[in-house]
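Colleague: A predicted structure for the sequence below; I have some questions about it.
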Amino acid sequence: MKFECCVCDLDGTLLNSNMEISEESVKAIQQLQECGITVILATGRNDLYVKALAKQIGVSAPIISCNGSLIREQSTGEVIYSRHLPCDHDRTMVEYCIRRGYDFTVSTYDCIYCRPDSKRVQLFHQYNNKVDPEFRVPLKELTQAEELPLGSLLKLFIWRLSAEQVRKFEGQHNRAGLLSIVSSEKDGLDIMPQGVSKGAALQYFANRQGIDLAHTMVFGDNYNDISMMELAGLPIAVANAEQAVKQAAKYVTLSNDEDGVAHAIRKYILT
C-alpha cells in the first residue's frame, strides 16, 4: 500500500511512560516526511501543550487537539476547525466540579485553566520548566465559572474520578446527549461537545486536504483513538493499548516504551 498520511496519538503511543519521545521515534517520523508522507499529531491535549514537541520532531502540519475540538495551523495560528462545549451547560459542569473539589482543567484557545490546589497542573509546570519561553503553556487559576470565557470552551478534563463519580457526572450532565465523554488516559475523563472526536476531526481535515484515509496509517492506545482507527486503511495499536483499541487495530506493535511507533513505521512503510 502507498501511504499518504500517518496520524499519531501522543501520550501512551508516540511518547514513552516518561512523556518523552525517543531518538528512534524522531528519526522514524522524519524519515516518513522525507518520503513525502504527511505526519499529523492527534491528541487529547490542548495544542498549546504540543508545539515544542512538534518542533522537536519536525512536524509542521496542523495539530488535531482537545480530542478533536480544535484543528489549528502551527505556523500562523489559524483555526481550521473548532467546536465548543454547549453554552450554559459549560457553566453548570464547571460549577459542579468546583463544588465537589475535583481536580480538573479547562482548555481554551489561549490558555489552560486549573484549580489553585490542582495536582494535575504540576505536569504543566514541569513542562514549562523544560521548554523555551515561546513554547510555555499559558496557565490561569480558576476559582469560579465566571472567570472562564464561557461559550468558547474547547474541552473539560477531570482527573482521577472513580467509576461511581463518572457515572454520576454522566447521569447529571449528559442526559440530553449534548456531550461526548471519553477516557483519554489512565484515570482521565475528557468532556467535549456531542459529535466531537479525533475521528470526526480527522475526517474533516482529510476532506479539506484531499487525503485518502484508505492510504492512512493511524497509531493509538486509548479509547479516544478508536474513532480514528476505524477510518484508517492501516490502524495500529501499541502493545500497552487498551484491549478495545487492539481489537480495532489491524496490527499490534511494540509498546510505547519500546519505540512501537518507530518499529511499525519501519516494518510497514519504510521497507
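Modeller: Received, thanks. Numbering: from 1, shown residues only.
Colleague: burial check on residue 89, number of neighbours?
Modeller: Using other Cβ atoms under 10 Å, residue 89 is surrounded by 18 other residues. Using the backbone N, CA and C atoms, a C-beta is placed for each residue, glycine as well.
Colleague: show me the contacts for it.
Modeller: When contacts are counted by Cβ atoms under 8 Å, 6 or more residues apart in numbering, residue 89 is found next to 173, 178, 179.
Colleague: let's see that with 10 Å instead.
Modeller: The neighbours of residue 89, taking Cβ atoms under 10 Å, 6 or more residues apart in numbering as the test, are 150, 153, 173, 174, 176, 178, 179, 191, 193.
Colleague: most neighbours among those residues, please name it.
Modeller: Most crowded among these, counting by other Cβ under 10 Å, is residue 153 at 28 neighbours.
Colleague: could the contacts of residue 89 be laid out in CSV, adding pLDDT and secondary structure?
Modeller: Below are the contacts of residue 89 laid out as CSV (pLDDT from 0 to 100; DSSP: H, G, I helix; E, B strand; the rest coil):
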residue, pLDDT, secondary structure
150, 97, coil
153, 98, coil
173, 95, helix
174, 95, coil
176, 89, coil
178, 94, coil
179, 96, strand
191, 96, strand
193, 95, strand
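Colleague: in TSV, list those residues along with distance to residue 269.
Modeller: Shown next, in TSV, are those (distance: Cβ to Cβ, whole Å):
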residue	distance to residue 269
150	44
153	38
173	42
174	39
176	43
178	40
179	36
191	35
193	34
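Colleague: and which of those is nearest to residue 135?
Modeller: residue 153 (22.8 Å; Cβ to Cβ).
Colleague: surely the closest one meets residue 92?
Modeller: No. Using Cβ atoms under 10 Å, residue 153 is not in contact with residue 92; the gap is 11.9 Å.
Colleague: which neighbours do the two share?
Modeller: 86, 145.
Colleague: and the helices in the protein, which stretches?
Modeller: 23-34, 51-57, 89-99, 121-130, 163-173, 198-209, 226-229, 243-248, 260-265 (DSSP state H).
Colleague: quick one: list the elements packing against the shortest one.
Modeller: The reference is to helix 226-229. strand 5-8, strand 179-185, helix 198-209, strand 216-220, strand 234-237, helix 243-248 (3 or more Cβ pairs under 10 Å, 6 or more residues apart in numbering; DSSP states H and E).
Colleague: winner for burial among the ones you listed?
Modeller: strand 216-220 (a mean of 28; mean count of other Cβ atoms under 10 Å).
Colleague: export only the CA atoms of stretch 14-21, formatted as PDB.
Modeller: What follows is stretch 14-21, C-alpha atoms only, in PDB (Å, rounded to 0.1, in the frame of the first residue of the first chain):
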ATOM      1  CA  LEU A  14       4.400   8.100  20.500                       C
ATOM      2  CA  LEU A  15       5.600   9.300  23.900                       C
ATOM      3  CA  ASN A  16       7.000   6.800  26.500                       C
ATOM      4  CA  SER A  17       6.000   6.500  30.100                       C
ATOM      5  CA  ASN A  18       8.200   9.500  31.000                       C
ATOM      6  CA  MET A  19       6.200  11.600  28.500                       C
ATOM      7  CA  GLU A  20       9.300  11.800  26.200                       C
ATOM      8  CA  ILE A  21       9.900  10.900  22.600                       C
END
